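Engineer: Provide a 3D model corresponding to the input given below.
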Amino acid sequence: MTHTIQFLPHNKQITVADGESLIRAAMEAGVHINASCGGGGVCGKCRVRIESGEVEGGISEKLTDQDREKGYRLACLAKVTSDLTVRIPVESEVETSRLTQTMDRHTARAMTVNVEDLKQDGLFIPPVEKIYLELDPAVEGDNRADVARIMHHLRIHHDEHRLTMDLSLIRRVPDIIRQENFNVTATILRPVREDGKNEIINIEPGDTTNRNFAIAVDIGTTTVFGQVMDLQSGEVLAQQGEFNAQISYGEDVISRIMYAEKGDGLATLHKRVVETINKIIKGIIKKAKIGTHEVSTITLAGNSTMTQLLLNINPSYIRRDPYVPASILYPPFHATEIGLELAEHTTALVYPGVSSYVGGDIISGIMASGMYRSPELTLYMDIGTNAEIAIGHQEWMVCTAASAGPAFEGGGVKFGMRAAKGAVEDVSINPATYEPMIITVGNEKAKGICGSGLITLAARLLETGIIDSRGKFNQELDTLRIRQTDEIWEYVLVYEKDTQIERDITITEPDLDNLIRAKGAMYSAALTLLDEIGLKVNDIERIILAGGFGSYVDLASAITIGLLPEIEPDKVTYLGNGSLLGCRINCLTNSLRQQVTQVVNMMTNFELASTPSYMDHYMGALFLPHTELNYFPKIKAKLEALRK
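Structural biologist: From the prediction side, this is the model:
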């Protein structure tokens, strides 16, 4: 159910879902309401008047009985339950016209995997299948070998050919098939190559065909995520994330490689990431109420360094010129070989990479996005500390990696933090008074700024003229929020009394400089790839965002600061954790597994350090949105209109 809200005096209208917070609806409509506590009902500044319609809640001790009778409510506490007409008290009627000149707000549409679509397309063929067999018992006159009996039955009754079985399973077969009078379930692993063989990886007594599960794992530099799926239905039964235990030995891949080069450093890092994955496996299996012996396969993906540390392979040469990974492709192997606490028969598959800094996590995301099957020229951006970018379509792809730094994840920013409760995630600024309206994760008092909040804040500071294109504050503005502390200029986003941390939360010029450098690395990397293949930025037809905050970042803000090319919002989709999603799909359809090598082979990698045009593009991108405003004609026009 949806409801329409009319905001006065701005004459802004928006349609929202039933139960949406009124303050978030106002933010989405581009309507500014004074609010400094993050949406927790503490400051009492977000007073609005309900002129028609009904809301749920919105009442606190900050409103008098007379206020309530007149229809006043706190927007942060009010839930939309009907069509509404809402009047926003405007402190300066002279400047009302400026308050309506807001930028459109959009978030990316989420890209999802629908198992039913896979089924309709004939692609829901898990790489590991269980088949129930009622074998003819061994009797006098039929003394075929036990393994031959199984393979013959599969060939005659199930049209299964080119079957193999390894020695460890052969040792167990004689006892297993006699436990249920020659009624068994065979688990068959389909080949990654079309000309490969089908391997019987397990034999169980009785019928266990309804108990077939798989695990998907994304091995991030900072966090590791895992999911367990039912291979009968495709349903995700449980999921869990944990900090990568390697983080104690270095926060980035270079630090970890350097640690791995010392003494038993490689063995230690290998052990720590395996411990992290085992902790996740234990947790999700418990939540899903299944046994480790019921997990038939596990798919893992990580960047090149994480992959080699997982496999206990020396990563030293990844960071040394000419930057060479140990391998691009890895064969399937038994999960127990690297210490994963799963059954002996559980098969592990690791996503291949492209180069030292474009790894299996990106290939996994590209496979999940389907861009390799699309005729549209697509820009794929995995936004994070180690930012990876790919451009292409069904005929070719180019890729690269750029060191964006930790700003998008809250690092390198004085009050930066991850998107946990209390993190400022959305911001509006009154262009007349320069007073902010903030919303935090969990609607709690603010304690920091997350990546999506930082991007939106920078855009609002630029739009209102509080900062210039270099990220420097306008010191002549009539507001106490712009100040100098320890010779550093800053803007006070939240005053101490409205925070959880007992001090003012500010955004400083060094913070903005770090953000500009991070977004500059991303955008210039994309421009460099386009240059190298003879294309222009306006040739991009579609953008796919992956990474931690892609679903929350305001697209207009990301374009305003020059992080994304200027493109219509409906052309942008959000993949979420593309690496984990690609691992999940890999577990559900063998078709994708067989296409991975093809996709890797169609990708051309560019090392930015040895691409001359990159530095020129990078220097041009160290402005908001860019030195070359012709890349952003609509933003240029909007900024000019906002400042009239």
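Engineer: quick one: distance of stretch 153-171 to the chain centre.
Structural biologist: Relative to its chain's centre, stretch 153-171 lies at 40 Å (Cα atoms, centre = their mean, to the nearest Å).
Engineer: now that stretch - C-alpha only, PDB.
Structural biologist: Output in PDB follows, covering the C-alpha atoms of stretch 153-171 (Å, rounded to 0.1, in the frame of the first residue of the first chain):
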ATOM      1  CA  HIS A 153      22.400 -48.200 -12.700                       C
ATOM      2  CA  LEU A 154      23.000 -44.500 -13.200                       C
ATOM      3  CA  ARG A 155      23.800 -45.100 -16.900                       C
ATOM      4  CA  ILE A 156      20.800 -47.300 -17.600                       C
ATOM      5  CA  HIS A 157      18.100 -45.600 -15.500                       C
ATOM      6  CA  HIS A 158      19.300 -42.000 -15.300                       C
ATOM      7  CA  ASP A 159      21.300 -41.500 -18.500                       C
ATOM      8  CA  GLU A 160      24.400 -40.600 -16.600                       C
ATOM      9  CA  HIS A 161      27.600 -41.100 -18.400                       C
ATOM     10  CA  ARG A 162      31.300 -40.400 -18.100                       C
ATOM     11  CA  LEU A 163      31.200 -41.100 -14.400                       C
ATOM     12  CA  THR A 164      34.200 -41.200 -12.100                       C
ATOM     13  CA  MET A 165      34.800 -42.000  -8.400                       C
ATOM     14  CA  ASP A 166      37.900 -41.300  -6.300                       C
ATOM     15  CA  LEU A 167      39.700 -43.900  -4.100                       C
ATOM     16  CA  SER A 168      38.600 -42.500  -0.800                       C
ATOM     17  CA  LEU A 169      34.900 -43.000  -1.700                       C
ATOM     18  CA  ILE A 170      35.500 -46.400  -3.200                       C
ATOM     19  CA  ARG A 171      36.900 -47.500   0.200                       C
END
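Engineer: can you give the contact residues for it?
Structural biologist: Applying Cβ atoms under 8 Å, 6 or more residues apart in numbering, the contact partners of stretch 153-171 are 131, 133, 135-136, 147, 150-151, 173, 186, 188, 196-203, 344-345. In this view, the C-beta of every residue, glycine as well, is placed from N, C-alpha and C.
Engineer: make it 7 Å
Structural biologist: Residues outside stretch 153-171 that contact it (Cβ atoms under 7 Å, 6 or more residues apart in numbering): 131, 133, 135, 147, 151, 186, 188, 197-200, 202-203, 344-345.
Engineer: list the buried ones in it?
Structural biologist: H153, L154, E160, L163, M165, L169 (16 or more other Cβ atoms under 10 Å).
Engineer: between those, which is nearest V274?
Structural biologist: V274 lies nearest to L169 out of the buried residues of stretch 153-171, by Cβ to Cβ, at 24.1 Å.
Engineer: confirm the closest one sits in a helix?
Structural biologist: Yes - assigned with DSSP: H, G, I helix; E, B strand; the rest coil, L169 falls within a helix.
Engineer: returning to what we had before: Throw the buried residues of stretch 153-171 into a markdown table and include distance to S613 and pLDDT, thanks.
Structural biologist: Output for these, formatted as a markdown table (distance: Cβ to Cβ, whole Å; pLDDT from 0 to 100):
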| residue | distance to S613 | pLDDT |
| --- | --- | --- |
| H153 | 62 | 95 |
| L154 | 57 | 95 |
| E160 | 54 | 92 |
| L163 | 53 | 94 |
| M165 | 55 | 95 |
| L169 | 55 | 95 |
